[in-house]
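> Quick one: sequence plus predicted model below, questions after.
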Amino acid sequence: MSSFIQKFKAFAMRGNVVDLAVGIIIGAAFGKIVSSLVADIIMPPIGVLVGGVKFNELKVSIKSASVDETGKAVEAVTLNYGNFIQATVDFIIVAFAIFLIVQLMAKMQKKEQEAPTVAPMPTNEEKLLTEIRDLLKK
């Protein structure tokens, strides 16, 4: 049993797993920010531009609300296409932001690869050996 725990600990502590966990947590928080951006900042002006429409209220009623035989209220059945529009805009913004991040990272990696490597300064021993070589050549 302890070998299983040790294997799991080794797996969980590898850099890739920790990086993935951090990415998921940041991604979830980023998703909430984007949802708020779309719902609270982007969609209201668009709704005003198209005639005062609140997108989250757009729906088509399939079956209206009613009361059954026992007197219990039955909710209406609706297709909430406004929520779908809002979720689609959320997705497009998140996808665009991720695209920009990936492009930025690729650009940074390319610059890192293109950066010329400076030869290290020779040590005193290397300088001495170079001088000896040059003297022997003469």
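Great, that's in hand. Numbers count the residues shown, from 1 in each chain.
> count of residues packed around Ile5?
When neighbours are counted by other CB atoms under 10 Å, Ile5 registers 9. All C-beta spots, glycine's among them, are computed from the backbone N, C-alpha and C.
> what helix or strand does it sit in?
helix 2-12 (DSSP states H and E).
> Can you list the neighbours in contact with that helix?
For helix 2-12, the surrounding residues in contact (CB atoms under 8 Å, 6 or more residues apart in numbering) are 17-18.
> Give me the mean pLDDT for that helix.
Mean per-residue pLDDT for helix 2-12: 81.
> What segments of this protein are strands?
With DSSP state E as the criterion, the chain has strands at 60-63, 66-67, 73-74, 77-79.
> Okay, now the sheet partners of the second one, with direction.
Each strand that pairs with strand 66-67, with its direction, by DSSP bridges: strand 73-74 (antiparallel).
> hmm, who's touching the strand it pairs with?
With CB under 8 Å, 6+ apart as the test, strand 73-74 has contacts from 65-68.
> In this structure, which helix is the longest?
Using DSSP state H to define each element, the chain has its longest helix at helix 81-114.
> and that one, what does it pack onto?
Packing contacts for helix 81-114, counted by 3 or more CB pairs under 8 Å, 6 or more residues apart in numbering; DSSP states H and E, involve helix 15-36.
> and with 10 Å instead?
helix 15-36, helix 43-49 (3 or more CB pairs under 10 Å, 6 or more residues apart in numbering; DSSP states H and E).
> can you give me the angle it makes with helix 15-36?
Going by axes from the mean of the first three to the mean of the last three CA atoms, to 10 degrees, helix 81-114 is angled at 140 degrees with respect to helix 15-36.
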